[in-house]
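*Asks:* Give the three-dimensional model of this entry:
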Amino acid sequence: MSLNRSFSLALALATTLATATAHAEGDALDKAACVASLDRAQSLQGTKKLREARSSLVACSSEACPGLVREDCARSLVSLDGAMPSAVFSAVAETGDVTDVRVLLDGDLVTERLDGKSISVDPGEHVARFVRGGRQPIEVRFVAREGEKNRLVAATFGAPRSLAPTPVRVEGQRRSAVVPLILAGTGVAALGAGLGFRLKADADADDMRRTCAPSCDPSARDSLSEKLALSNVSLAIGLGALAASGIVWLVDSNR
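*Replies:* Below is the predicted model:
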């Protein structure tokens, strides 16, 4: 065998050995990474961080991993998918369902728009923050339970902050205050007039008894009778107006 041929055979053997060694080292690295993903997934499942655990199980279920590890990860992935809760985020406004809403779950953005699709969540307490332009953000707290699927988490948006209606007093509200006051004022004025007429009539009657009774001038007696009649009418009007004021106040306040 010539020297050149011997050198060629030695070089080919060395190359083959190097390639085999590289493959072996690569396989060892792949196996170690796959086992590490499985261990990490099991640890995350123990702390109920199922979303992160799922990512690790997907990684070690790939064809690059050894068969036994891949099978363990695949079985664990099926079991985890059955236990992982999911939620469907929804929002409504004055016109009905809306989609231009961003949702942050525990501070992390989970969707830019609402599309009706379910999103996997970890078990436990959560805060969903719904953000829509021109509206006050809405926070909804909920508890996701293991195995619970398609939990509806909804928010209701009111009127835009810039278009919030300003309270106004309607005509009925103004009347409920004004009309009773007018009636009450009329009643007080009528009672005052009636009392004045009565005092004047009593004074005239005393004067007539001292000066001309029982033969007083008929016109004086007529004037006295007129004052007494006006007093009675005024008192009746005053009492009626006060009573009407109270009735109107009660009726309008109960509307």
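*Asks:* Which residue ranges of the stretch 1-150 of the chain form helices?
*Replies:* Using DSSP state H, counting those that start in this stretch, the helices found in the stretch 1-150 of the chain span residues 3-46, 50-60, 67-83.
*Asks:* which of these has the lowest average pLDDT?
*Replies:* Comparing mean pLDDT across the helices of the stretch 1-150 of the chain, the lowest value falls on helix 3-46: a mean of 64.
*Asks:* so how far is Ile247 from Val179?
*Replies:* 11 Å (Cβ to Cβ, to the nearest Å). All C-beta spots, glycine's among them, are computed from the backbone N, C-alpha and C.
*Asks:* same thing with Arg145?
*Replies:* Distance of Arg145 to Ile247, computed by Cβ to Cβ: 59 Å.
*Asks:* what about Val179 and Ile247, which has more around it?
*Replies:* Val179 (15 against 12; other Cβ atoms under 10 Å).
*Asks:* and the more buried one, backbone torsions?
*Replies:* When read as degrees, to the nearest 10, the backbone of Val179 gives phi -60, psi -50.
*Asks:* close enough to count as contact, Arg70 and Ser62?
*Replies:* Yes - counting by Cβ atoms under 8 Å, Arg70 does reach Ser62; the two are 7.3 Å apart.
*Asks:* low pLDDT regions in the stretch 51-200 of the chain?
*Replies:* Flagging of the stretch 51-200 of the chain using pLDDT under 70 yields the residue ranges 159-177, 183, 187, 190-191, 194, 197.
*Asks:* for it, what spans make up the strands?
*Replies:* For the stretch 51-200 of the chain, the strands defined by DSSP state E, counting those that start in this stretch cover 86-93, 96-97, 102-105, 108-111, 118-120, 124-131, 138-144, 151-156.
*Asks:* what residues does the second one touch?
*Replies:* Spelled out, it's strand 96-97. For strand 96-97, contacts defined as Cβ atoms under 8 Å, 6 or more residues apart in numbering pick out Ser90, Ala91.
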